[in-house]
Structures are given as C-alpha cells and as structure tokens.
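Chemist: Okay, sequence plus prediction incoming.
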Amino acid sequence: AQSVTQLDSHVSVSEGTPVLLRCNYSSSYSPSLFWYVQHPNKGLQLLLKYTSAATLVKGINGFEAEFKKSETSFHLTKPSAHMSDAAEYFCVVSDSSARQLTFGSGTQLTVLP
Amino acid sequence: DAGITQSPRHKVTETGTPVTLRCHQTENHRYMYWYRQDPGHGLRLIHYSYGVKDTDKGEVSDGYSVSRSKTEDFLLTLESATSSQTSVYFCAISGDYYEQYFGPGTRLTVT
C-alpha cells in the first residue's frame, strides 16, 4: 500500500521569500512521485515528476523537489515566491507496479504582498 | 496542455435522478480515470479504464458506474444521484511515466 502525508495544510510566505512545502511518502515499491498545482476553480497541472533518475527534479515556474529515500521525503521548494504561486499543491505517489496515483490532502499556499 | 475535455462543466440535478458525465481525449492514451475532489480529501479515484471495455474500481466506486466504448471517451454515470455525490469531478489520462493529465473538471450539485 502507498500513502502520502503533506505535513502542512496551509503555508503563508511573503512575496520574494523562499517556499517550502513538505511531503512524506510510503510505498512498497520504487515510487514515482509528483507535485501538482491547482489554482482556484481550475484543474490540476503537473509541476514536476520524479521517476528514479536524478534525485533533484526541476519543474515549471522555478519549482524543484528533492527525492530523499532515507527520509522518505519529496519536499517542494522555490527560491522566491511570486503572487501567482498562490494555489493549492498536491504531493502524489504512484506505485510503479500499477497505474494508480495516491494524493496527499493538499497544502494551500498563500503569498502575502 | 493535454487534449482533455469534460462535459458538462456545471450541472445541478435532483436527488434520485441519473447523471452522466463525459470525458473526451484527443491524445489516444490507453488509460483514463475518474476522480472526485472534496475539501480535505484531495482527489479520490472512482473508476479507471485500461482500454476499450476494460474498467476497474477505485477507492470510492459505490454509486458510480463507467463505460468506455471508444478510446477517446470515458463516461461516468451516477445511476441515482445522492447529495453525498455533490462534488467536483475530474477526468485524467495517463502518460508515459505514470503521470496523469487532468481535465478542467465538472462541478456537480445534487439538491
């Protein structure tokens, strides 16, 4: 069985400061991991993905995430927040033996001016 | 953006009525999925399909059925809608590395 825990349901940062959204996972197999972003009343957009290649993954809009197997973590970071980053972010794990995703419950990111 | 459309985008229906939501893709992907999104629950899988006429249940399949008669279309049916099925429904298709691409969603309200 696989699971995902997003450690913060809400994160607030000031514009121009770093962003850290935390995610821990549990998986019996070598996992694929993803971060998705959802802006209000929109669908989910893939930010980045880890699929057992480089452990530091770069995504769109300046986001990146580092896969740490020893810590079972896949935290999302961005050096400098922008107002347009305000959205809900989902950490997602896929069991490599099946084509099903398990979603975290989401982290709402607020960016303050 | 992946070529995924959902129809209708919004629907209000009464308890006990049947409802069908449609997902259409232009990517020719084999795998298609239906999720529901509710506050505090992230997305939960209802049903998925791994080919024409090949479907399977997800985590929250009770009260829902699906059909896939063509590669490009995946239908979700609520046989008799209940208020607990008020939700936002997302369709997704699967890419090469198991990532999924999502449609714009359908907001369903059951009164």
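Modeler: Sure, I can see it.

Chemist: Quick check: phi and psi at B:Y33.
Modeler: Per-residue torsions, B:Y33: phi -140, psi 150 (degrees, to the nearest 10).

Chemist: same thing with A:I60?
Modeler: Dihedral angles (degrees, to the nearest 10) for A:I60: phi -80, psi 160.

Chemist: do you know how far the nearest residue to it once chain neighbours are set aside is from chain B?
Modeler: Distances taken as C-beta to C-beta, 6 or more residues apart in numbering or on different chains place A:L47 nearest to A:I60, at 6.0 Å, with adjacent residues excluded. From N, CA and C alone the C-beta is placed, and that goes for glycine too. Between A:L47 and chain B the computed distance is 10 Å (C-beta to the nearest C-beta, to the nearest Å).

Chemist: now swap in A:H82 and tell me
Modeler: Between A:H82 and chain B the computed distance is 21 Å (C-beta to the nearest C-beta).

Chemist: thought B:D73 was touching B:T26?
Modeler: No. Contact criterion C-beta atoms under 8 Å: B:D73 and B:T26 do not qualify, at 10.9 Å.

Chemist: Neighbour count: those two, which is higher?
Modeler: The neighbour comparison of B:D73 against B:T26 (other C-beta atoms under 10 Å in any protein chain shown) goes to B:D73, with 15 against 11.

Chemist: and that one, bridged to which residues?
Modeler: Going by DSSP bridges, B:D73 is paired in beta bridges with B:H24, B:K70.

Chemist: quick one, what contacts it?
Modeler: B:R22, B:C23, B:H24, B:Q25 (C-beta atoms under 8 Å, 6 or more residues apart in numbering or on different chains).

Chemist: Tell me the pLDDT of it.
Modeler: For B:D73, the pLDDT comes out at 97.

Chemist: Tell me, how many residues neighbour the residue lying closest to B:P18 once chain neighbours are set aside?
Modeler: Residue nearest to B:P18 in three dimensions, not counting chain neighbours: B:E79, with 5.7 Å by C-beta to C-beta, 6+ apart. Neighbour count for B:E79, taken as other C-beta under 10 Å: 12.

Chemist: Please consider this matter closed, and thank you.
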